[in-house]
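> make a model of this:
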Amino acid sequence: MTRHLQKEVTKLKKKALKLGKVVQETLDEAIKSVKERDVELAEQVIARDIEIDRMEVDTEEECLKLLALHQPVAIDLRFIIAVLKMNNDLERIGDLAVNIAEQTQSLSEKKRIKAPFDYDAMTEKVQAMLKLAMEAMVNMDVGLANQVCAADDEVDAIHHNMYPKVQSVIVAHPKQVDILIRYLSVSRYLERIADHATNIAEDVIYMVDGEISRHGMREERKAEKQG
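A predicted model of the protein is given here:
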């Protein structure tokens, strides 16, 4: 790697990490807004989406510039491609955080009921997955990336197990349908965020090992779960 390319790659890494930090903060605040029914905080999350979109475009342009000007190979090429893919996943996580925050307004107007799933457990797992995924990216740590991939099944289980609970509550309390649907949406958004965090972790594995393992790893985890 030339000295100039090394400098540009370091600059790109800082951009990606900055975006990751903003997205993590946005997700944390969206989760808090729902838990505390804090409409003002939810509005701040929604307003920040413009900043995340701008950062995503800026990072993508930087990646494309490096590809065009330096024609990198091997690990440098894999790193830039991985950042391009991570960049998209982070932007989508930002969008999903906004979706979560948007539920706060409706929830704040309804009678408070217990969420039909373990909200704290699910949010903590999703937040930890995103944090670990970014740490894996910083340190190029395949071990951390594998932890993220393994945790995805736990989030999926929480989400899927809530459906029968929602159905039973609707039968017993039909007037709570709207608020239950809101919680169902929040759970779905959290599950999708976990999927994007897993994408980032799998891109780290690709960046380090040079192997695209996404589909194979997911099939393995699915087989283990069924077995």
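> quick one: contacts for Val98?
Val98 makes contact with 26, 30, 45-46, 49 under the criterion Cβ atoms under 8 Å, 6 or more residues apart in numbering. For every residue, glycine as well, the C-beta is placed using N, CA and C.
> which members of those residues define the maximum pairwise distance?
Comparing all pairs in the contacts of Val98 by Cβ to Cβ, the longest separation belongs to Ala30 and Asp49, at 10.5 Å.
> between those two, which one's more packed in?
Taking other Cβ atoms under 10 Å, Ala30 and Asp49 do not tie; Ala30 has more neighbours (31 against 16).
> still on that earlier bit, which one of the contacts of Val98 is nearest Lys125?
Ala30 (15.4 Å).
> can you redo the contacts of Val98 as a markdown table with pLDDT, distance to Ala172 and secondary structure?
Below are those laid out as a markdown table (pLDDT from 0 to 100; distance: Cβ to Cβ, whole Å; DSSP: H, G, I helix; E, B strand; the rest coil):
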| residue | pLDDT | distance to Ala172 | secondary structure |
| --- | --- | --- | --- |
| Thr26 | 97 | 36 | helix |
| Ala30 | 97 | 29 | helix |
| Val45 | 97 | 33 | helix |
| Ile46 | 97 | 33 | helix |
| Asp49 | 96 | 37 | helix |
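> any stretches of this structure with poor pLDDT?
Counting by pLDDT under 70, the chain has low-confidence residues at 1, 211-227.
> now do the helices in it.
3-36, 39-70, 74-108, 119-139, 142-172, 177-209, 214-226 (DSSP state H).
> orientation of the first one relative to helix 74-108 in degrees?
Right, the one you point to is helix 3-36. With axes from the mean of the first three to the mean of the last three Cα atoms, to 10 degrees as the basis, helix 3-36 and helix 74-108 are set at 20 degrees to each other.
> no further queries at this time; thank you.
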